[in-house]
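> for reference, the sequence and a predicted model appear below.
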Amino acid sequence: MNHSHTADPAFWRAGAISATAVMLVILGFLTVNSLSDITAGGSHVPAYTVINHRISYQYDPARDHDMPVIGGQQLLFGKHYDAEQARALIARGKLVIQTRACIDCHTFLGNGAYFAPDLTKSWLDPAWRLQWMPMTGAKTREDAMVEFLMHPDRYPTWSREMPDLHISRDSAEAVVAYLKWMSAINTNGFPANFGHASQP
Ligand code: HEC
């Protein structure tokens, strides 16, 4: 009998094990390599205290897409959040978004659905100033957002209406902080069709 080595299961096992090992090393390298980009306070993701600042969205000709621009102080709910307070508030906002399954209808950073508007840059949406502030009578964008989140069925602007999810004021404020922080993330122009928001 003349068995070639390719008939030996040990040959295939060794191949599978070494290929897996090489891929693990590459995956490990890529993970460590991108951590500095995706961590809050890194090159693409601002520190949580960015919620104390004015955020705008401006066209960058070199990149050929809009980039978040972090400006001077612009307090959220009239408060200044230190690093720990900002982290805790945004963590709570994320928890609200996860537990209430907002991604069943909305998209965040590429995850979710397109039944309802993409929320990645929602903080920068001119509609807060042009539509929801007049409709709710709120004096600031964040107050209009809280009022909308607590009673979305009262302030419809779109062809589809958001149902009242019975979100408490504290939860709504945390969601707004999360959305403000998220809007300052450099998403390489995603979502591409987001309007050129001008700041009030
Ligand atoms: C059943 C689907 C559905 C779910 C679930 C849902 N929404 Fe909405 N949401 C909508 C629709 C539809 C609109 C558009 C409403 C309008 O403009 O009148 C909307 C609008 C919004 C807006 C305004 C977006 C903009 O910039 O125009 C925000 C912010 C928002 N939703 C946040 C949330 C959050 C946070 C959650 C989870 C707690 C959530 N939504 C869950 C359907 C949904």
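Thanks, I have the structure now. Numbering: from 1, shown residues only.
> shouldn't residue 44 be within a strand?
No - using DSSP: H, G, I helix; E, B strand; the rest coil, the assignment for residue 44 is coil, not a strand.
> my read is that residue 185 contacts residue 121, right?
No - with contacts counted by C-beta atoms under 8 Å, residue 185 stays clear of residue 121, the gap being 9.1 Å. The C-beta positions use only the backbone N, C-alpha and C, and glycine is treated the same way.
> compare these two (neighbour count), which wins?
residue 121 (23 against 18; other C-beta atoms under 10 Å).
> near the ligand, which residues of this structure are found?
96-97, 100, 102, 104-106, 115-117, 119, 122, 125, 127, 149, 156-158, 160-163, 165, 167, 175 (C-beta under 6 Å from any ligand atom).
> ok, 8 Å please
Contact residues, the chain versus the ligand (C-beta under 8 Å from any ligand atom): 96-97, 100-102, 104-106, 115-117, 119, 122, 125, 127-128, 132, 145, 148-149, 152, 155-158, 160-163, 165, 167, 171, 175, 179.
> among these, which are located in helices?
96, 97, 127, 145, 148, 149, 171, 175, 179 (DSSP state H).
> pLDDT check: weakest of these?
Of all those, residue 127 carries the smallest pLDDT score, 91.
> pull the contacting residues for the closest residue to that residue other than its chain neighbours.
With sequence-adjacent residues excluded and distances taken as C-beta to C-beta, 6 or more residues apart in numbering, residue 127 is closest to residue 157, at 6.4 Å. Under the criterion of C-beta atoms under 8 Å, 6 or more residues apart in numbering, the neighbours of residue 157 are 127, 131, 132, 135.
> show me what the longest helix along the chain is packed against.
Determined from DSSP H, the single longest helix within the chain is helix 9-38. Helices and strands touching helix 9-38, by 3 or more C-beta pairs under 8 Å, 6 or more residues apart in numbering; DSSP states H and E: there are none.
> any idea of the mean pLDDT for that helix?
Here the average pLDDT along helix 9-38 is 93.
> before we move on, what about stretch 181-193?
90.
> ok, of the residues of the chain next to the ligand, which come out buried?
96-97, 102, 105-106, 116-117, 119, 122, 125, 127-128, 132, 145, 148-149, 152, 162, 167, 171, 175, 179 (16 or more other C-beta atoms under 10 Å).
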